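In: Generate a structure from the sequence data that follows.
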Amino acid sequence: METSFVLFSQLNMCETKEKAFFKLIHGGLGKEAASKEAKTRVSPEEAVKWGESFDKLLSHRDGLDAFTRFLKTEFSEENIEFWIACEDFKKNKEPQQIILKAKAIYEKFIQSDAPQEVNLDFHTKEVITKSITQPTLHSFDAAQSRVYQLMEQDSYTRFLKSDIYLELIEGRPRRPTNLRRRSRSFTYNEFQDVKSDVAIWL
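Out: Model (predicted):
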């Protein structure tokens, strides 16, 4: 009896079991997950706007992140990375920085056998190659425009039909519930099928 009292006193020392359990679930890792989710959460209304134009998608930080994630699933993230690098490049003011960053972009995305070579026509590549020794802030404009058009006409249309985008415009909380329900139903039906197959052989 005395031992039972000690156990209950430990459980109820400061709060009820329900409160302790709630803190365990929502504290620690739960709190970190909630914080991370809050940072990455996008309202369905905001995501819907990304479907209005490619410009609206790229001008929103979360939209850019979502599109980049999509391109990674298609192994074509070099296009958006090149576009971002060009946007960053045009912000430079110092001549030395312009030269260094232009060379870095050329070696990473433009030259033949570059680690993340983007798909450009011969003429565009040739113009960049000739100007790379004395680059200007507009050295990559033609290439950036071409890659932009490629993404807008090809990747963007597929992105709007992708699970990544559809989950955002439908709202995140709905998806896990539907998945759990579907999973239980499938498992039960599958079990019935197995049972009926066994019965045939008996």
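In: CA only for contacts and neighbour counts going forward, please
Out: OK.
In: now this protein, which segments are flagged as low pLDDT?
Out: For the chain, the stretches with pLDDT under 70 are 1-40, 172-202.
In: Can you give me the buried ones in stretch 142-150?
Out: 143, 144, 146, 147, 148 (16 or more other C-alpha atoms under 10 Å).
In: What is the nearest of these to residue 133?
Out: residue 143 (16.9 Å; C-alpha to C-alpha).
In: Give me the phi and psi angles of the closest one.
Out: Per-residue torsions, residue 143: phi -70, psi -40 (degrees, to the nearest 10).
In: pretty sure it is in contact with residue 120, am I right?
Out: Yes. The pair residue 143 and residue 120 qualifies as a contact (C-alpha atoms under 8 Å) at a distance of 6.9 Å.
In: and residue 63, how many neighbours?
Out: For residue 63, the count of nearby residues is 20 (other C-alpha atoms under 10 Å).
In: for residue 68, same thing?
Out: With other C-alpha under 10 Å as criterion, residue 68 counts 20.
In: gap between it and residue 84?
Out: 11 Å (C-alpha to C-alpha, to the nearest Å).
In: Equivalent analysis for residue 158, please.
Out: When residue 158 is compared with residue 84 (using C-alpha to C-alpha), they lie 20 Å apart.
In: can you check residue 42 too?
Out: 21 Å.
In: all strands of this protein, in order?
Out: With DSSP state E as the criterion, the chain has no strands.
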